[in-house]
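Trainee: Next input, structure requested:
(one chain, ligands or ions: 1)
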Amino acid sequence: MDTIHITGNGPLSGQIPIAGAKNACLTLMPATLLSDEPLTLTNVPRLSDIATMTQLLTSLGAEVSALQDGQVLAMSSHNQNNLTADYDIVRKMRASILVLGPMLARHGQATVSLPGGCAIGARPVDLHLKALEAMGAELDLRDGYVHAKAPGGLKGGVVDFPFVSVGATENALMAATLAKGTTVINRAAREPEIVDLAQCLRKMGAQIEGEGTGTITIQGVDRLHGATHPVVTDRIELGTYMLAPAICGGEVELLGGRLDLVGAFSEKLDEAGIEVTETDKGLKVRRRSDHVKAVNVTTAPFPGFPTDLQAQMMALMCTADGVSVLEEKIFENRFMHAPELMRMGAQIDVSGGTATVTGVDRLKGAQVMATDLRASVSLILAGMAADGVTTVGRVYHLDRGYEHVVRKLEGVGAKIERIKSQ
Ligand code: EPZ
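Mentor: Down below sits the predicted model:
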């Protein structure tokens, strides 16, 4: 397995281009299953998760052509000939469950393996299933698969989520576009990736109102047509790289960055003494002084502080002035980066869903292990500001969500290299 070596050094300067959003792409791709006409996505990030979703759609008989070095995906499910999503692909990526709603809506049946949990939590899919049942689906859970049927097609219904779920909102939204009648989704997720999906579905002929609010109303239509849609900018990659100058000093411009995608996160950075300025190319980020102030963070569904930026923020707080309390409210086990940061000299006390970080002057480079996608990049950020060399193992986690991370950070002056495993 490859390792990434980082040597802590001084202030950064330059520009980092921000790619299309992994978590938007992973729901836009299954949308091709809703129509027999081609759906083309542009601004597609080159990531292993995208390759996994490509493999899944292809296994269902859809055609997925990667053009322009993978930045464009031309897809068609005109010849879809398989309605079963197998465990051997689904187990690799939880987002695979997002083929369930579209297949059920278009074909009246679908069989999808239940995704396993993952490192950050059990991550059940009960809300996805309840939403489809509210639209008349008959579900049979057997042998680790969901066997779903909607004889006569799905019917509009009221989906009352007990709490916000991004994926369940996406499955319900896609399924509702072809249901007979009106569907109302209450306590819908408000993430920009949901808004992006709704905008793409509307281009395909769906009738949707309210995306980005807590209530989405969908008027079902008989069929959807093809479309071309650009994947929205990745707000998690954006937030991650905003932390690079925050941790190392200097000034970096994030090309394509949009303040509306990182509102709560930018406010927290401002509180910590990091200046975020909009430019005509994106966002410029710099530290106001050498001292970063410790701030408290509680993760929440959008527009709150994103759980996917919690690990990266913890890396910044490790060398901040004072004590920071980070509360993880979305997932039950998302502090696995803490013991690795402590190997670098960080002072972190984890108790249940709360991590208390006491800032230290400097971290020390160490050999550390990536445990999940966002934890891996928090270790790289910490290594960039540490004395000495940090070696990060299991970097395959990184490849799931960050394209060209070494090249992008090298481009602003980080001393970072990827060593291929023998
Ligand atoms: C999406 O996961 C993202 N993944 C996650 O990003 C992100 O952390 C998460 O939303 C929260 O923002 C993709 O979009 C592919 P949820 P998702 O359903 O949809 C529980 C990354 O790093 N829940 O909003 O799976 C669940 O266990 C990844 O890019 C149920 O109990 O998240 C969690 O505790 C990590 N039953 C909470 O709800 C359900 O049926 C929120 O999960 C569904 C979810």
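Trainee: Get me the contact residues on the stretch 101-250 of the chain for the ligand.
Mentor: By Cβ under 6 Å from any ligand atom, the residues of the stretch 101-250 of the chain that approach the ligand are 121, 123-128, 165-168. Where you see a C-beta, it was placed from the backbone N, CA and C, and this is true even at glycine.
Trainee: and with 8 Å instead?
Mentor: Contacts of the stretch 101-250 of the chain with the ligand, taken as Cβ under 8 Å from any ligand atom, map to 118, 120-130, 163-170, 189, 191, 193, 236.
Trainee: Could you tell me which of the residues you listed count as buried?
Mentor: Buried members of those, scored by 16 or more other Cβ atoms under 10 Å, are 120, 123, 125, 127-130, 164-170, 189, 191, 193, 236.
Trainee: The stretch 1-150 of the chain: strands as residue ranges?
Mentor: With DSSP state E, counting those that start in this stretch, the ranges of strands along the stretch 1-150 of the chain come out as 3-7, 12-17, 39-42, 63-67, 72-76, 84-85, 109-113, 138-142, 145-149.
Trainee: Show residues contacting the shortest one.
Mentor: Spelled out, that is strand 84-85. By Cβ atoms under 8 Å, 6 or more residues apart in numbering, the list of residues contacting strand 84-85 from outside reads 56, 59-60, 96, 99-100, 110-113, 145.
Trainee: Export these as TSV, with columns for distance to Ala315, pLDDT and neighbour count.
Mentor: Formatted as TSV, the contacts of strand 84-85 follow (distance: Cβ to Cβ, whole Å; pLDDT from 0 to 100; neighbours: other Cβ atoms under 10 Å):
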residue	distance to Ala315	pLDDT	neighbour count
Leu56	32	98	24
Ser59	37	97	16
Leu60	39	97	23
Ser96	30	96	25
Val99	35	98	27
Leu100	36	98	26
Ala110	41	98	28
Thr111	42	98	20
Val112	36	97	27
Ser113	35	96	19
Tyr145	39	95	18
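Trainee: which among these gets closest to the ligand?
Mentor: Ser96 (9.7 Å; Cβ to the nearest ligand atom).
Trainee: List the contacts of the residue sitting furthest away from the middle of the chain.
Mentor: Note on the chain: the largest separation between a C-alpha and the mean C-alpha position, by Cα atoms, centre = their mean, falls on Gly152 (34.5 Å). The neighbours of Gly152, taking Cβ under 8 Å, 6+ apart as the test, are Gly108.
Trainee: and the gap between it and the ligand?
Mentor: Distance of Gly152 to the ligand, computed by Cβ to the nearest ligand atom, to the nearest Å: 25 Å.
Trainee: What of Asp140?
Mentor: The gap separating Asp140 from the ligand is 17 Å, by Cβ to the nearest ligand atom.
Trainee: burial measure for that residue, as a count.
Mentor: The local packing of Asp140 (other Cβ atoms under 10 Å) involves 11 other residues.
Trainee: Could you do Ile97 as well?
Mentor: As a burial measure, the neighbour count of Ile97 was computed by other Cβ under 10 Å and equals 24.
Trainee: give me the residue from this protein nearest the ligand.
Mentor: Counting by Cβ to the nearest ligand atom, the chain gets nearest the ligand through Gly167, at 2.8 Å.
Trainee: Thanks again, I'm all set now.
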